[in-house]
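K.L.:
dropping the sequence and predicted coords here.
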Amino acid sequence: MEIQYYIYLSLILFFIGVLGVIIRRNLLIIFMCIELMLNAVILLLISFSKMHADGGSKLQLVDASKAASDGQVFVFFIMVVAAAEVAIGLAIIIMMYKNLHNISSQFLNRLKN
Amino acid sequence: MTPQAILFCILAIIAIVAAIMVIIQKNPIKSILWLLVVFFALSAIYFSLNAQFLAIINLIVYAGAIMVLFLFVLMLINFKSLETIQKKYRFVFYAVVIVCGVLTLLMLLINQTQSLQKVSILNDSNNVGLIENLGKTLYLDYGVPFELTSILFLTAIIGAVLLSKIKKIEI
Amino acid sequence: MIKFLTLAIVLLPLLGFIILGLGRQKLTQFQTKFIGCHTIFVAFIITLYLFFGYDFNQAAVINYFPIIYLPKFISLDFSLQIDHLSLSFMLIITGIGYLIHLFSSSYMTEEANKNYSKYFSFLNLFVFFMLLLVMGSNLLILFIGWEGVGLCSYFLIGFWFTNSKYMQAAKKAFVMNRIGDAAFLLALFLIITKFQSLEFNIILFEPFLNFNLESNIIVLIALLLFIGATGKSAQIPLFTWLPDAMAGPTPVSALIHAATMVTAGIYLIVRMHIYFDLAPLVQHIILIIGLATMLVAATIALKQNDIKKILAYSTVSQLGYMFIALGIGLYSTAFFHVLTHAFFKALLFLGAGSVIMAMHHEQDIFKMGGLAKKLPITHLTFLIGCLAIAGIPPFSGFFSKDEILAGLYQKNKLLWVIGVGGALLTAIYMFRMYFLVFKSSYKNHHVAIEDVKESPFPMKITLIVLAIGSALIGFIGLPPIISHTHLLNNYLSTVIKIPAVEHLSTSTDLMLIVASLIIVIFGILIARYVSKIKEIPSTFVGKFLAQKYYWDEVYDSIFVKPYQSIAHVFSHRFETKIIDGFVNGLAKFFMNLSRSFRLAQSGNIANYLLIFVFAIYVFFIIWFNDAKIYQFVINLFN
């Protein structure tokens, strides 16, 4: 199993997320697509971590296992950021619904004024 | 085809199909449920990559907590009245074309990168993804960032509370 | 010290302008009067101090700050030059300027406070620019002053701008001046390209140093300068603006359109006389133009009824005399006539102003008459002015005109006859006006004779001072039969090369003087006879003269009408079809273009993101082509 396929999967998921953000107007779904993109990144990190742990990397690192565990710890931080972001983002969506009775992104252009 | 490869292929197809379903579903609840499928598939892949702890965490945090939060929010909102998908199909077409273009370019790039050729992921297991190992790295090497994340969380909580306290904003 | 004083002379009127201009809403008439007059008065005192206290045999050039600094090409400073010529002009400008300010302070009292301040601020600004004109040590400063006085003239002619006819006159003056200014500007450019400088002390010596400079260039420069001077000094063909400029308040006519601004052209030619000496062709042109202007204006003045129009044509005619003097190379004589003319013409205009004010703004001389008893001071001073302009000794006009006539006689006897003919006409039209206004019987039915009152004190004192000046100023240039020391020529000899002409023999000179005197007195008698005639038979010639040779009409049909019809074609055909079509097409093109770009500004996040991703795509493609992306990735993974 070559690492390229994991990268392909990650890329595909990431760009599905991008597409979702572009074509959908529901802020909630846009949020979900962001989560999807974050997960794609997590997948990338984990597969590189595995690559280093297996010693398959051509980077010739001094401490490959340290790099491997670093990769997984970064996933932690990404999850933390994602959780915090969701907390704030959902609060904003609620606020917006309270004010506009809608959560469509096209109403955010009222910021123009 | 090794068993690992077959497993990966199945999981990958599930993840991709589910992800596509997420963005084309009209009903947000169904989107959320399809997203859960994506997370489950991805967690399975994490398992196969020796990241057992992260896989569990992914399930608990994403599939458990965040998705439930999404569902809650959706229930607070009268989502039936919401318009969900772009009406301009030309715009959607452009978006698909451009995104696929970038995707193709990036995949080409990865395909032609010398240093990623013939790097295989082995089938054996190691202890990188175990709690013990990760815990040591987290608390010994990344103590300060870890504390900073707690401050980030605190900020997020306060922010959420503040936002929910504001009654009405003039827009 | 000189540096400071010189700057003070220039800046005081500007200061007055700024204070009066900014404070026009608040200042009372008394404050305005005080500031407006005294800034000029102090400048006059300083000028007098410079005149008596310092020796300017060598021209003093004072640099203040650079204006244009292009090391390889040209560098010009804001610098002032004081020599005998500019000092003489400064005395005229500040001295007569002060008297006219004083006169205005009572003449304009009927105006509202705001307009009163506005009037004085423009007058001060005019003095500022006029001083700049004569004091500048390079042609650029002179040009700034030149344009500035034109601007102030425009403002002041159109001072009563609610009257559209006055505004038309102001515009006419401005446009006519522009024509001359364009030529002047061309001359400036020519001088810059030839000498890389505009400083007087360079360009006025260069011709001597550089005799190999093509004479064609010098002729061209002189010709262009002369055209510029005809615009400002109201010579044929650009003289028609000056009679119309009488729309302004009378003191303005006295200051700008008689004493100072219109003599700027003479100043320019006197200042640049080296070029004219080297271009005899241009001198001939000047002589011809001067003679023609003198005769045309004098004949027109014969049939005018408006007191100010007569004086305006008389001014044009006298300016013609000055150009005659310039044309025969008698530069200091031209200046002498400028000086005497400044006095007597200011006096006549102010006297006319006094009459007009007494007659409650009636300007038709046929509706006046017999005012000698009612306005004794005005009458006396006006008489002195008339005698001076007609050239009766010992009044000033006699001396200057005599010099010009003597010069003409030496040049050509026929020219002398024409010159004397001009003097005859001058005497006729001036005394026709004098007799109609002050003698004969009162003819106005609108204003009762009892209402006609002598002007207030400041106006009287101004008239008296100017009358004394008109009477006595001629003695600084006595003719050779009386004295061989010509004070003015001696004084100006440091600036102007006085041609060493052999003097006429005493008998010839005396003969000329007596002949011209007899003719002038004959003219006065004709005027007296004409003014007594009840009904003047209307002849073709009379009508022709009264209509000013149809000069305006000819200009109208030659220049204005074709211009208007071309403009009409352009505005209705070319403008609507081509220009508008092009502009609207361009606008439509950009509107359509922007319609597609407006998506980028929709405020819709999705659009922004799409463009963002598209940009990534584009950058990737560019990167791929450069093969830099490979380098980047290799660096990343190696």
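P.N.:
All right, it came through fine.
K.L.:
what's the helix or strand for residue 67?
P.N.:
As the question left the chain open, I've gone with chain A. Secondary structure here is read from DSSP states H and E; on that basis A:A67 sits in helix A:64-100.
K.L.:
that answer is for a different chain, and I need it for chain B
P.N.:
With DSSP H and E as the criterion, the answer for B:M67 is helix B:67-76.
K.L.:
if we can go back for a sec, which parts of the helix holding A:A67 are buried?
P.N.:
Across helix A:64-100, burial judged by 16 or more other C-beta atoms under 10 Å in any protein chain shown covers A:64-65, A:67-77, A:79-80, A:82-97, A:99. Every residue, glycine included, has its C-beta placed from N, CA and C.
K.L.:
ok, stretch B:130-137 next?
P.N.:
B:L130, B:N133, B:L134, B:T137.
K.L.:
isn't the second one right up against B:N126?
P.N.:
No - counting by C-beta atoms under 8 Å, B:N126 is not a contact partner of B:N133; they are 9.1 Å apart.
K.L.:
SS state for C:Y442?
P.N.:
Per DSSP: H, G, I helix; E, B strand; the rest coil, the secondary structure class of C:Y442 is coil.
K.L.:
quick one: it and C:K367 touch, right?
P.N.:
No - counting by C-beta under 8 Å, C:Y442 sits too far from C:K367 to count as a contact (9.2 Å).
K.L.:
coming back round to it: what packs against the helix holding A:A67?
P.N.:
Contacting helix A:64-100 under the criterion 3 or more C-beta pairs under 8 Å, 6 or more residues apart in numbering or on different chains; DSSP states H and E are the following elements: helix A:27-53, helix B:52-57, helix B:67-76, helix B:131-136, helix B:143-165.
K.L.:
so where is chain B shaky, pLDDT-wise?
P.N.:
Counting by pLDDT under 70, chain B contains low-confidence ranges at B:79-88, B:123, B:125, B:167-171.
K.L.:
in space, not sequence, find me the middle residue of it.
P.N.:
B:F39 (6.5 Å; C-alpha atoms, centre = their mean).
K.L.:
what angle do the host helix or strand of that one and helix A:64-100 make?
P.N.:
Taking DSSP H and E as the criterion, the element that holds B:F39 is helix B:28-48. For helix B:28-48 and helix A:64-100, the angle between their directions (axes from the mean of the first three to the mean of the last three C-alpha atoms, to 10 degrees) works out to 170 degrees.
K.L.:
next one: helix B:28-48 to chain centre, how far?
P.N.:
Using C-alpha atoms, centre = their mean, to the nearest Å, we find the averaged C-alpha position of helix B:28-48 to lie 8 Å away from the chain's own average C-alpha position.
K.L.:
contact partners of the longest strand anywhere in chain C?
P.N.:
Longest strand in chain C, counting residues (DSSP state E): strand C:60-70. Strand C:60-70 is contacted from outside by C:2-3, C:6-7, C:54, C:74-83, C:137, C:140, C:201, using C-beta atoms under 8 Å, 6 or more residues apart in numbering or on different chains.
K.L.:
from these, which land in strands?
P.N.:
C:I74, C:S75, C:L76, C:D77, C:F78, C:S79, C:L80, C:Q81, C:I82.
K.L.:
dump the residue contacts of the second one.
P.N.:
Listed by C-beta under 8 Å, 6+ apart, the contact partners of C:S75 are C:P66, C:I68, C:Y69.
K.L.:
try it again at 10 Å.
P.N.:
With contacts defined as C-beta atoms under 10 Å, 6 or more residues apart in numbering or on different chains, the neighbours of C:S75 are C:P66, C:I67, C:I68, C:Y69, C:Q196, C:S197, C:L198, C:E199.
K.L.:
pLDDT added to those residues, as TSV?
P.N.:
What follows is these, written out as TSV (pLDDT from 0 to 100):
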residue	pLDDT
C:P66	85
C:I67	83
C:I68	81
C:Y69	81
C:Q196	80
C:S197	80
C:L198	83
C:E199	84
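K.L.:
if we can go back for a sec, and the buried residues of stretch B:130-137, which is closest to C:T462?
P.N.:
Distance to C:T462 across these (C-beta to C-beta) is lowest for B:T137, with 103.8 Å.
K.L.:
CA atoms only for the helix holding B:M67 - export them in CSV, please.
P.N.:
The C-alpha trace of helix B:67-76 is given here as CSV (Å, rounded to 0.1, in the frame of the first residue of the first chain):
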residue,chain,number,x,y,z
MET,B,67,-22.3,16.1,15.4
VAL,B,68,-24.8,16.0,18.2
LEU,B,69,-24.2,19.7,18.7
PHE,B,70,-25.0,20.2,15.0
LEU,B,71,-28.2,18.2,15.4
PHE,B,72,-29.2,20.3,18.4
VAL,B,73,-28.6,23.5,16.6
LEU,B,74,-30.6,22.2,13.6
MET,B,75,-33.5,21.4,15.9
LEU,B,76,-33.4,24.9,17.3
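K.L.:
give the other helices and strands that the following helix or strand past that helix contacts.
P.N.:
Using DSSP H and E, the helix or strand that follows helix B:67-76 towards the C-terminus is helix B:89-112. Taking 3 or more C-beta pairs under 10 Å, 6 or more residues apart in numbering or on different chains; DSSP states H and E as contact, the helices and strands that helix B:89-112 lies on are helix A:3-23, helix C:605-626, helix C:628-637.
K.L.:
for C:Q31, find the nearest of the ones you listed.
P.N.:
Closest approach to C:Q31 among these is made by helix C:605-626 (63.5 Å; C-beta to C-beta).
K.L.:
what is that closest one packed up against?
P.N.:
For helix C:605-626, the helices and strands in contact under the criterion 3+ C-beta pairs under 10 Å, 6+ apart are helix A:3-23, helix A:27-53, helix B:89-112, helix C:628-637.
K.L.:
one more pass at 6 Å, please.
P.N.:
Helix C:605-626 makes packing contacts with helix A:3-23, helix B:89-112 when contacts are defined by 3 or more C-beta pairs under 6 Å, 6 or more residues apart in numbering or on different chains; DSSP states H and E.
K.L.:
hey, which of those helices is tucked in deepest?
P.N.:
Sort these by mean neighbour count, taking mean count of other C-beta atoms under 10 Å in any protein chain shown, and helix A:3-23 sits at the top with a mean of 23.
K.L.:
is chain C contacted by that one?
P.N.:
Yes - applying C-beta under 6 Å from any C-beta of the partner chain, one finds that helix A:3-23 is in contact with chain C at A:V21, A:I22.
K.L.:
export the longest strand of chain C as PDB, just CAs?
P.N.:
The C-alpha trace of strand C:60-70 is given here as PDB (Å, rounded to 0.1, in the frame of the first residue of the first chain):
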ATOM      1  CA  ALA C  60      19.900  95.500  -7.600                       C
ATOM      2  CA  VAL C  61      18.800  91.900  -8.100                       C
ATOM      3  CA  ILE C  62      17.500  90.300  -5.000                       C
ATOM      4  CA  ASN C  63      17.000  86.500  -4.900                       C
ATOM      5  CA  TYR C  64      14.400  85.100  -2.600                       C
ATOM      6  CA  PHE C  65      13.800  81.400  -3.400                       C
ATOM      7  CA  PRO C  66      14.000  79.200  -6.400                       C
ATOM      8  CA  ILE C  67      10.800  78.500  -8.400                       C
ATOM      9  CA  ILE C  68      12.000  76.100 -11.100                       C
ATOM     10  CA  TYR C  69      15.200  74.200 -10.600                       C
ATOM     11  CA  LEU C  70      16.300  72.000 -13.500                       C
END
